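Colleague: got a structure for you, letters missing:
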């Protein structure tokens with residue numbers, strides 16, 4: 001089993017930046033991908049970014065240029081830097097991980113990001 005714990009969310013102003021962290025613990029040695037999803041109010045959860053063990057990354061078109069994902073394998077932590085936050089970025093952000101590409105077996109509890117205008 002793998003446990004994921006997110007941190008770094010909160011209430012921010014439009015134009016601000018923040019960094020979300022996701023610490024993985026447990027049987028992390030075979031994790032292939034880690035990523036971030038978000039669920040805006042009244043909307044479905046969507047994948048915003050992911051990173052594979054080889055370092056390749058994916059970004060949803062809606063976040064390209066503002067979101068940066070990175071992974072510290074030694075610390076079993078994945079980060080999501082968000083720049084120039086917009087009110088429409090308001091969402092619950094979830095960290096997820098899996099043992100296969102695009103397989104999301106493990107989920108964090110979610111963390112709220114609220115962007116005020």
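Modeller: Received, thanks. The shown structure was predicted, so the numbers you read here are calculated from the model rather than taken from an experiment. Numbering: from 1, shown residues only.
Colleague: just for the chain, where's the confidence low?
Modeller: In the predicted model of the chain, no residue satisfies pLDDT under 70.
Colleague: and if we set it to 90?
Modeller: Scanning the chain with the threshold set as pLDDT under 90 gives 28-30, 53-55, 73-75, 100-103.
Colleague: Just want the most central residue of it.
Modeller: residue 36 (2.6 Å; C-alpha atoms, centre = their mean).
Colleague: Just the buried residues of the helix or strand hosting it, please?
Modeller: Here residue 36 is covered by strand 33-39, with elements defined by DSSP states H and E. Going by neighbour count (16 or more other C-beta atoms under 10 Å), the buried part of strand 33-39 is 33, 34, 35, 36, 37, 38. Where you see a C-beta, it was placed from the backbone N, CA and C, and this is true even at glycine.
Colleague: Reformat those as CSV; add distance to residue 24.
Modeller: Shown next, in CSV, are the buried residues of strand 33-39 (distance: C-beta to C-beta, whole Å):
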residue, distance to residue 24
33, 12
34, 7
35, 12
36, 13
37, 15
38, 19
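Colleague: List just the nearest of those to residue 45.
Modeller: The closest of the buried residues of strand 33-39 to residue 45 turns out to be residue 37 (C-beta to C-beta; 5.0 Å).
Colleague: Quick check: the closest one touching residue 44?
Modeller: No. Residue 37 lies out of contact with residue 44 (C-beta atoms under 8 Å); the separation is 9.8 Å.
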